[in-house]
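Novice: After the sequence you'll find the predicted model.
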Number of protein chains: 2
Amino acid sequence: MSNAKMTPELLSLIADRFKVLAEPARLEILQALRAGERSVSDLAQDTGLGQANLSKHLRSLYDGGFVERHREGLFVIYRLADKDVFRICDLMCGRLEELSSKRRKLLASR
Amino acid sequence: MSNAKMTPELLSLIADRFKVLAEPARLEILQALRAGERSVSDLAQDTGLGQANLSKHLRSLYDGGFVERHREGLFVIYRLADKDVFRICDLMCGRLEELSSKRRKLLASR
DNA sequence: GTGTGAATTTACCATCTGGGAATATGGTTG
DNA sequence: CAACCATATTCCCAGATGGTAAATTCACAC
């Protein structure tokens, strides 16, 4: 949000990208892809998600530009497209730790 | 997602934080708070959101740890709590630009 | 062409969530 | 205390979304 003009349209686009990450299943897929390229079948194994469900999550990730894909014979191979995803998640995690330690203090001081 | 163990619980917590940002109205509130502290009434002016609706969005932001608040007489004053929010949004925006330029190229090459 | 395996899409259901109206709570004033 | 104002909460509705099964598409082999 670099001090620039934030039009409603732009905010909406940003929100859409956050929506894609706002789902544990999709975060888990990204996590699995961290180790390298994976076919949809591989990912089904890795995540335990149902096939149709997984496919829809992959579509979201693809539309959001978080993953790339290509076909290899019968298989479709997915890979991470966005090196920033994990930096974003790290920021989220860091804040998570602060929050839970604050919560601990609140509970302790009762 | 620092190469560490990502338990389902942790992924769920991270997803919850993303959910808070996955809403244009809440991004707009954060944007408005960027200029400094604001009462709920101020924010209603700034954003054009209805009172009840705004109040609920503020609750999400508060629960997510993105804003802090305190009372001043009849008013409740909100302020940004998380300096990382805009760094996260910047990463999202940066990627947005890449994506739309790729899209332009795709459209151009038809 | 047919058959098979992998992936996507569709259809449907249950749940969730943003929005607004009405109500409740909290704090101030007189 | 009552009256009032700012905020929060509750209730309800409409639309969005995750999950699964069934149908469809796509690519390869025969």
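Specialist: It's in. Not measured: the values here are computed from a predicted model.
Novice: residues from chain A in reach of chain B?
Specialist: Within chain A, the positions adjacent to chain B are A:1-2, A:6, A:8, A:10-19, A:21-24, A:27-28, A:30-31, A:34, A:65, A:82, A:84, A:86-96, A:98-99, A:102 by Cβ under 8 Å from any Cβ of the partner chain. For every residue, glycine as well, the C-beta is placed using N, CA and C.
Novice: and with 7 Å instead?
Specialist: Applying Cβ under 7 Å from any Cβ of the partner chain, one finds that chain A approaches chain B through A:1-2, A:6, A:8, A:11-15, A:17-19, A:21-24, A:27-28, A:31, A:65, A:82, A:84, A:86-93, A:95-96, A:99.
Novice: of these, buried ones?
Specialist: When the residues of chain A next to chain B are checked for burial by 16 or more other Cβ atoms under 10 Å in any protein chain shown, the buried set is A:1, A:6, A:11, A:13-15, A:17-19, A:21-24, A:27-28, A:31, A:65, A:82, A:86, A:88-89, A:91-93, A:95-96, A:99.
Novice: which stretches of chain A form strands?
Specialist: A:38-39, A:67-72, A:75-80 (DSSP state E).
Novice: tell me what the first one is packed against?
Specialist: Taking 3 or more Cβ pairs under 7 Å, 6 or more residues apart in numbering or on different chains; DSSP states H and E as contact, the helices and strands that strand A:38-39 lies on are strand A:75-80.
Novice: Only alpha carbons, please: show the strand it packs on as CSV.
Specialist: Extracted C-alpha coordinates of strand A:75-80, given in CSV (Å, rounded to 0.1, in the frame of the first residue of the first chain):
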residue,chain,number,x,y,z
PHE,A,75,-0.3,-35.4,-15.7
VAL,A,76,-0.5,-31.8,-14.9
ILE,A,77,2.5,-30.5,-13.0
TYR,A,78,2.2,-27.6,-10.6
ARG,A,79,5.0,-25.5,-9.2
LEU,A,80,5.3,-22.3,-7.1
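Novice: Straight-line length of stretch A:63-76, end to end?
Specialist: Using Cα to Cα, to the nearest Å, one end of stretch A:63-76 lies 16 Å from the other.
Novice: What mean pLDDT does stretch A:47-57 get?
Specialist: Regarding stretch A:47-57, the rounded mean pLDDT is 97.
Novice: Distance from the chain centre to that stretch, please.
Specialist: Centroid separation for stretch A:47-57 versus its chain: 14 Å, with Cα atoms, centre = their mean, to the nearest Å.
Novice: Tell me which residues of it come out buried.
Specialist: Going by neighbour count (16+ other Cβ under 10 Å), the buried part of stretch A:47-57 is A:47, A:49, A:54, A:57.
Novice: so where's chain A uncertain?
Specialist: A:1-5, A:99, A:102-110 (pLDDT under 70).
Novice: one step back: which of the buried ones among the residues of chain A next to chain B fall in helices?
Specialist: The helices, defined by DSSP state H, take in A:11, A:13-15, A:17-19, A:21, A:24, A:27-28, A:31, A:86, A:88-89, A:91-93, A:95-96, A:99 from these.
Novice: Those residues also near DNA strand D: which ones?
Specialist: residue A:19 (Cβ under 7 Å from any atom of the strand).
Novice: For chain A, what lies in contact range of DNA strand C?
Specialist: So chain A meets DNA strand C at A:39-41, A:44, A:51-52, A:54-56, A:58-59, A:69, A:74-76 (Cβ under 7 Å from any atom of the strand).
Novice: what two of those are the furthest from one another?
Specialist: A:56 and A:74 (19.7 Å; Cβ to Cβ).
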